[in-house]
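S.K.: Have a look; sequence and predicted model below, questions after that.
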Amino acid sequence: MNAIHFHARSEGQVVKKAVYIAIGIRMDGIKEVIGMWVGENESAKFWLSVMNGLKNRVLENILKYVSTVSQAFLPQ
């Protein structure tokens with residue numbers, strides 16, 4: 001995880017922005033971008049929201065996978 005800072009024009013003013021990038025490495029070694037977020041600046045509060053969002057997304061995907069597998073193997 002990292003952030004890159006840049007200047008952008010917003011409503012006629014130049015403001016600093018930060019793009020937060022999360023990269024993961026698959027089991028076969030291929031890197032993938034997990035997500036990108038734009039914020040006003042790099043702060044612990046924003047990183048916490050990013051991490052909580054990733055955690056919730058992972059848990060949601062695990063629950064979907066478990067549901068799919070259980071439907072495939074459990075008798076109806």
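M.R.: Great, that's in hand.
S.K.: For the rest of this, base every contact and every neighbour count on C-alpha atoms.
M.R.: Fine.
S.K.: Give the full set of residues in contact with Phe6.
M.R.: Phe6 makes contact with 16-18 under the criterion CA atoms under 8 Å, 6 or more residues apart in numbering.
S.K.: any idea which of the residues you listed is the one closest to Ala44?
M.R.: Ala18 (12.9 Å; CA to CA).
S.K.: and which of the contacts of Phe6 is nearest Ala3?
M.R.: Set against Ala3, the nearest of the contacts of Phe6 by CA to CA is Ala18 (6.1 Å).
S.K.: tell me the contacts of the closest one?
M.R.: For Ala18, the contact set (CA under 8 Å, 6+ apart) comprises 3-6, 38-42.
S.K.: Give me the pLDDT for the residue nearest to the spatial centre of the chain.
M.R.: If you average the C-alpha coordinates of the chain and look for the closest C-alpha using CA atoms, centre = their mean, you land on Gly35, 3.7 Å from that point. pLDDT, the model's per-residue confidence, is 85 for Gly35.
S.K.: Which residue is the nearest non-sequential neighbour of it?
M.R.: Of all residues not flanking Gly35 in the chain, Ala22 sits nearest, at 5.4 Å (CA to CA, 6 or more residues apart in numbering).
S.K.: Mark which of the contacts of Ala18 are buried, thanks.
M.R.: In these, burial by neighbour count holds for 3, 41-42, counting by 16 or more other CA atoms under 10 Å.
S.K.: For the contacts of Ala18, give me a markdown table that also has secondary structure, pLDDT and distance to Asn52.
M.R.: Compiled in a markdown table, those are given as follows (DSSP: H, G, I helix; E, B strand; the rest coil; pLDDT from 0 to 100; distance: CA to CA, whole Å):
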| residue | secondary structure | pLDDT | distance to Asn52 |
| --- | --- | --- | --- |
| Ala3 | strand | 84 | 17 |
| Ile4 | strand | 87 | 20 |
| His5 | strand | 88 | 22 |
| Phe6 | strand | 89 | 25 |
| Val38 | strand | 87 | 16 |
| Gly39 | strand | 80 | 15 |
| Glu40 | coil | 75 | 18 |
| Asn41 | coil | 70 | 18 |
| Glu42 | coil | 70 | 16 |
